[in-house]
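> no sequence on this one, just coordinates:
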């Protein structure tokens, strides 16, 4: 009888925390009453992803992936995303989150350590009480619980908390409500829920406006030669913008092209597509375009009156997929003039989609004054000429 009374009190406490509790706040970081300090249970310090800028129309969920901190003392961990106003918008097991459907602004990410087994047990208790006709659990709560999968997720539990009252749920108000349920007098021994929360936010992600028209020259995304790389860029969903077919495109079509602008500094560079964006490797992320198969054309002039100055469809060995496979990336030498803007159009070969990074490495044109002593190839830079005199039977030139 006593246990049933405690159960009734627990659910009454649970049901009574409505809008009032959602407006109350708990100071973070926080560890619940069921996680004694002696156990060393904390939410730790999550490591932000390598790039905390999310570009709309360019970035993807996997760009924000990271790892949960070790030694949290509880078996499960989640990254809680909040919008610029602080309202919770979703959860992630590994930090990945697709923000393309959201507005520009600074989004918070909070670390949440918990025990899935305890969560399942709490929802199971509520489900059992919902089966009692005229029982202590409000019908609105029972309706929410009835939709839960088995086992329920942390996101399901958050939606249950949300059903207790109107308005958006913030991390501090969520923690206050959960704490009120599991730590009120007489209930703490009945409902066990050990959870720990970082400061809110533990880190932030800046969502910036990507130009959805970067599949046209006028919407070209800037590439900084000095930085050495930019991206990742995503060809998924792009279309051809009516561009003239570049001279070297082997598939004889422009399928899903994106445009990048490059301001020259007077030096010569090799510009090429790659899976490497500094600390981000698209092969490891699993988002690199199939076999790296891209093609590139570089133009001088203004959008609408461009002149093709370089083109490449495959340019091994740059951009290798692994140590044995050169892949089918695209790259070309670009001799720049200071302050002059060039435009690079990158297209997926035969419509291949996916992400790529753009690399720019300094390139030194070979100093060729005389023919080599033994037969072989001579590398010539675009726009440069060499006067050669030779005295041998066969001379082969190719460029």
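All right, it came through fine. Fair warning: this is a prediction, and the values are worked out from it, not measured in the lab.
> residues touching the closest residue to residue 261 other than its chain neighbours, list them.
Nearest residue to residue 261 in three dimensions, chain neighbours excluded: residue 220, at 4.0 Å (C-beta to C-beta, 6 or more residues apart in numbering). (C-beta placed from N, C-alpha, C; glycine too.) Counting by C-beta atoms under 8 Å, 6 or more residues apart in numbering, residue 220 touches 214, 259-261, 303, 343.
> now with 6 Å?
Residue 220 sits next to 259-261, 343 when contact means C-beta atoms under 6 Å, 6 or more residues apart in numbering.
> outline the domain layout of the protein.
Here the domain parsing of the chain from automatic domain parsing is 2-207, 213-362.
> in TSV: those, plus mean pLDDT.
Below are the domains of the chain laid out as TSV (pLDDT from 0 to 100):
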stretch	mean pLDDT
domain 2-207	76
domain 213-362	80
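> just want the most central residue of this protein.
In the chain, the C-alpha nearest the mean C-alpha coordinate belongs to residue 63, at 2.1 Å (C-alpha atoms, centre = their mean).
> how much space between that residue and residue 282?
Separation of residue 63 from residue 282 (C-beta to C-beta, to the nearest Å): 9 Å.
> ok, now residue 271?
17 Å.
> the residue nearest to the centre of the chain belongs to a strand, doesn't it?
No. Going by DSSP: H, G, I helix; E, B strand; the rest coil, the assignment for residue 63 is helix, not a strand.
> from here on, count from 752
Sure thing, new numbering starts at 752, so read that last one as residue 814.
> grab the nearest non-local neighbour of it.
Per C-beta to C-beta, 6+ apart, closest to residue 814 is residue 802, 6.2 Å.
> how close does that neighbour get to residue 1031?
6 Å.
> what about the two, which has more around it?
Remark: of residue 802 and residue 1031, residue 1031 carries more neighbours, 21 against 18, as counted by other C-beta atoms under 10 Å.
> need the nearest residue in space to that one, chain neighbours excluded.
residue 801 (5.3 Å).
> isn't residue 1082 up against residue 1043?
No. Using C-beta atoms under 6 Å, residue 1082 is not in contact with residue 1043; the gap is 10.6 Å.
> tell me which of those two has more neighbours.
Between residue 1082 and residue 1043, counting by other C-beta under 10 Å, residue 1043 is the more crowded of the two (27 against 24).
> kindly provide the distance from that one to residue 1108.
Taking C-beta to C-beta, one finds residue 1043 at 10 Å from residue 1108.
> separation between the residue nearest to residue 878 when sequence neighbours are not counted and residue 834?
Closest residue to residue 878 apart from its sequence neighbours, by C-beta to C-beta, 6+ apart: residue 896 at 5.6 Å. Per C-beta to C-beta, residue 896 is found 26 Å from residue 834.
> with residue 905 instead?
For residue 905 relative to residue 834 (C-beta to C-beta), the value is 18 Å.
> the stretch 952-1101 of the chain: strands as residue ranges?
954-959, 972-974, 980-985, 1009-1014, 1019-1025, 1027-1028, 1031-1032, 1045-1053, 1056-1063, 1082-1086, 1092-1099 (DSSP state E, counting those that start in this stretch).
> turn these into a markdown table, columns for distance to residue 869.
Below are the strands of the stretch 952-1101 of the chain laid out as a markdown table (distance: least, C-beta to C-beta, whole Å):
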| stretch | distance to residue 869 |
| --- | --- |
| strand 954-959 | 27 |
| strand 972-974 | 47 |
| strand 980-985 | 39 |
| strand 1009-1014 | 47 |
| strand 1019-1025 | 46 |
| strand 1027-1028 | 40 |
| strand 1031-1032 | 36 |
| strand 1045-1053 | 49 |
| strand 1056-1063 | 58 |
| strand 1082-1086 | 54 |
| strand 1092-1099 | 47 |
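> for this structure, what spans make up the helices?
Along the chain, the segments classed as helices by DSSP state H run 753-767, 770-774, 867-881, 890-896, 905-913, 922-934, 1033-1036.
> much appreciated, bye for now.
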